[in-house]
Each structure stands twice: as structure tokens, then as C-alpha cells.
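>>> Next comes the sequence, and after it the predicted model I'd like to discuss.
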Amino acid sequence: MHRFEELKIWQKAMDITEKCYRASENFPKEEKYGLTSQLRRSAVSIPSNISEGAGRNTNGEFKQFLGIANGSSYELLTQLYLSKRLNLINEENVRPIINEIIEVTKMNYSLQKSLTKS
């Protein structure tokens, strides 16, 4: 079992989630149950799966939840790209979030590799 609060990947994923909530605050009301909701759920899924995996009994289980978190990262990237294409968010605001997601996915792959070696 790992202390998820101490994991840099979890901390960064929490930062991304917060930024996604703030970035989607001004999306149109008609997107409340559409893209806004989906984007936020994907963002929350990343740190949630990291923490759930950290609380599991084996490294194999942890690795499985990291894989789910990685899938949510790619889902979130798609939703951010779509938000940009629909002019709901501009490049200046979305690019830093995208870069952070890419960094977290790289951290995720590295963490998964380290769990395989253990």
C-alpha cells in the first residue's frame, strides 16, 4: 500500500483536475450535462484511480488502476481538444493543461514500469 497523498503523480493530477474545473466554468449552460460534465469526470478519474490503486494490496492491482488513470488522461485530452475546436477554450488557456496531462502520462508509464520490477 502506498500513501497516495505523497505521490507526485497524484498531486499533479489533482492540479490538472482543479484547472479543468476552472477552465470549464464558463462553458455554455447547454453543455452542463454534456462536455462540461464529461470533461470534469475524466479529470477527476485520474487522481481517483491513482489513489484507489495505491490503496490496493498488490503492485499488480496498483498498476491496473494506473492503466485506467492513463486511459482517463487520454479521454481528457480528447475533450480538451474538442473544447478548443468548438471555441469553448482558447489555445492560451488549454495548452498548459494539455502539457501537464502529457507529463502525468509519462510519469504514469514510469511508475507502472517501476511496479513491474518490484
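That came in fine, so what should we check first?
>>> Can you give me the distance of the closest residue to Tyr74 other than its chain neighbours to Ser73?
Of all residues not flanking Tyr74 in the chain, Thr105 sits nearest, at 7.4 Å (Cβ to Cβ, 6 or more residues apart in numbering). For every residue, glycine as well, the C-beta is placed using N, CA and C. Plainly put, Thr105 is 5 Å away from Ser73 if you go by Cβ to Cβ, to the nearest Å.
>>> With Asn59 instead?
20 Å.
>>> next one: Ile46
Counting by Cβ to Cβ - Ile46 and Ser73 are separated by 6 Å.
>>> Please identify which of Thr105 and Ser73 sits among more neighbours.
More crowded of Thr105 and Ser73, by other Cβ atoms under 10 Å: Ser73, with 23 against 17.
>>> ok, now how distant is the more buried one from Glu31?
Distance from Ser73 to Glu31, by Cβ to Cβ: 21 Å.
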